[in-house]
Each structure stands twice: as C-alpha cells, then as structure tokens.
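**Q** what follows is a predicted structure for the sequence shown.
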Amino acid sequence: MRTRNALKILLLLTFISLPAFAQPQWGRHEKPRSGACFYRHANFGGDYFCIRSGERWDALPRGMNNEISSINVFGGASVEIFRHENFSGKHQVVDRDVPNLREWNDRISSIRVFGGRDDWGGGGNRPGWQWGRGPRPRAGACFYRHVNFGGDYFCIQSGERWDALPRDMNNEISSINVYGGASVEIFRHENFSGKHQVVDRDVPNLREWNDRISSIRVFGGRHPRD
C-alpha cells in the first residue's frame, strides 16, 4: 500500500511539473512536418531536439540553454532565436537551414517557431480578410488604414500569415495594434521578402513603413491552445 501511494504521489508531481508542451530533450527524434530541429553541433551533428510550428520555449532547460550550434527548418516554418530567456535580448529570425550559427553558436536561451503548414492558421493565405471593424483577437494584431489606429482595420490571429496582401490592403497599412503578447513581422515585399522588421507593441504611426507593407507574419502570444 505504501509503495502504491508513493507511486501515485510521484506521478502527480510529474504531471504538475510538465509544461503545456512536453519538454524537449536531446536525442534522435522524429522530425516535424513543419517546425525546426536544433542540433548540439555544427553541420547538424550530434543529438538534437525538435519543436513544431506554433510552439515556443521562453526558457530552454539547463542542458540545452546555450548549447545549440545548427538549425534545420522544415515545412516553410520560421524560427525566432533569442539571446536571453523570456524572448529578450538580441534576436533574429531564421527561415532556412543554418549549418553553423557562428555568432549565435551556443548562445540561444529562448525560441519561437511559427509559420509553415502546421501552424495555428493552417498555413497560407486565409480568404475573407477585408477592411472593416470586426472583433479583435485574443492574441494577434490588427492593422489600420490610418495612423493612430484610425479608419477601418483587419485582424490576424497569432500563427497566421499572408504571403501577399490583397490589392486593396497591399501598401495600405498605417498603424498596428498588438494583442496578447504576440509579435508581428512585416515585410516590404510579397513572399516575406525585402526589408523586414519585428513589431511586438502598438505602433500608432508606422512612419517609414507607412503604406509600405506587402506581406505579414504574426506569431507568439497567449493563444488558446497554450
């Protein structure tokens, strides 16, 4: 009886300590259809762990923190890597394989993976977005036609993206509202190309970006699937 009770307590403590997503660990795991794998050594050598598109880690476990040397990206996903925990410090977006992280080698402490075919929005463009005054997302962003959040707007949930804004939205955005801890990556050209910038707070006047946005990715935040 004591043994059985002790086992129950151990199992309970194990479940309490687990995060929303199972904790990654070094090994040789199955690679995701859409996401990224992080390798201990350069040129995709040694053990690795993988994260699916739409998942994130605000603090890598002790044995992985500052231990990543190369990254494999799958299924059209993108990875945002951070120098410090809680998505802080110097950061960079990676959307292709990196056999040697060089200045980032063994200096990554938190990670977000977004986009791709398995993300929250299912990937690709979602028909039906249009200027208006619709409901705002719990986690995501709203894009306004005028500065200071004026005029009509459209909203995108965290995990969704547009590789080419429709004609009446292309180069028509002047301010951005960000909700629920999300971040927005805006691009000068279609297909996530050209000059780009990550926005993680409200921007009442886009200034140099005013009416010059052609594709968008929204990621991170407190999504209902968290």
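**A** Noted; the coordinates are in hand.
**Q** how does the protein divide into domains?
**A** For the chain, the structural domains run 2-115, 140-220, going by automatic domain parsing.
**Q** what is the end-to-end distance of the last one?
**A** Counting by Cα to Cα, to the nearest Å, you get 8 Å between the two ends of domain 140-220.
**Q** state the mean pLDDT of that domain.
**A** Domain 140-220 shows a mean pLDDT of 90.
**Q** try the longest one
**A** Per-residue pLDDT over domain 2-115 has a mean of 78.
**Q** quick one: Ala77 and Ser34 touch, right?
**A** Yes: assessed by Cβ atoms under 8 Å, Ala77 is found in contact with Ser34 at 5.1 Å. Bear in mind the C-beta positions are built from the backbone N, C-alpha and C, glycine included.
**Q** between these two, which is the more surrounded one?
**A** Ala77 (25 against 20; other Cβ atoms under 10 Å).
**Q** is the more buried one bridged to anything, and to what?
**A** Judged by DSSP bridges, the bridge partners of Ala77 are Gly115.
**Q** against Cys37, how distant is it?
**A** 11 Å (Cβ to Cβ, to the nearest Å).
**Q** need the contact partners of stretch 184-192.
**A** By Cβ atoms under 8 Å, 6 or more residues apart in numbering, the residues outside stretch 184-192 that reach it are 78, 93, 95, 141, 161, 163-165, 176, 178, 193-200, 209, 212-219.
**Q** likewise stretch 213-220?
**A** With Cβ under 8 Å, 6+ apart as the criterion, stretch 213-220 contacts 56, 78, 80, 87, 112, 114-115, 139-141, 143, 156-165, 170-171, 173, 181-194, 200, 206.
**Q** could you do stretch 85-93 as well?
**A** Contacts of stretch 85-93 (Cβ under 8 Å, 6+ apart): 56, 58-60, 78-83, 104, 109-110, 112, 185, 196, 198, 220.
**Q** that one: how far from the chain's middle?
**A** 11 Å (Cα atoms, centre = their mean, to the nearest Å).
**Q** could you list the buried residues of the helix or strand containing Ile81?
**A** Using DSSP states H and E, Ile81 maps to strand 77-84. In terms of neighbour count (16 or more other Cβ atoms under 10 Å), strand 77-84 has its buried residues at Ala77, Ser78, Val79, Glu80, Ile81, Phe82.
**Q** Arg56 versus the last one, what's the distance?
**A** Pointing back at Phe82 there. Distance from Phe82 to Arg56, by Cβ to Cβ: 10 Å.
**Q** what's the overlap in contacts for those two?
**A** Joint contacts of Phe82 and Arg56 (Cβ under 8 Å, 6+ apart) are Ser110, Ile111.
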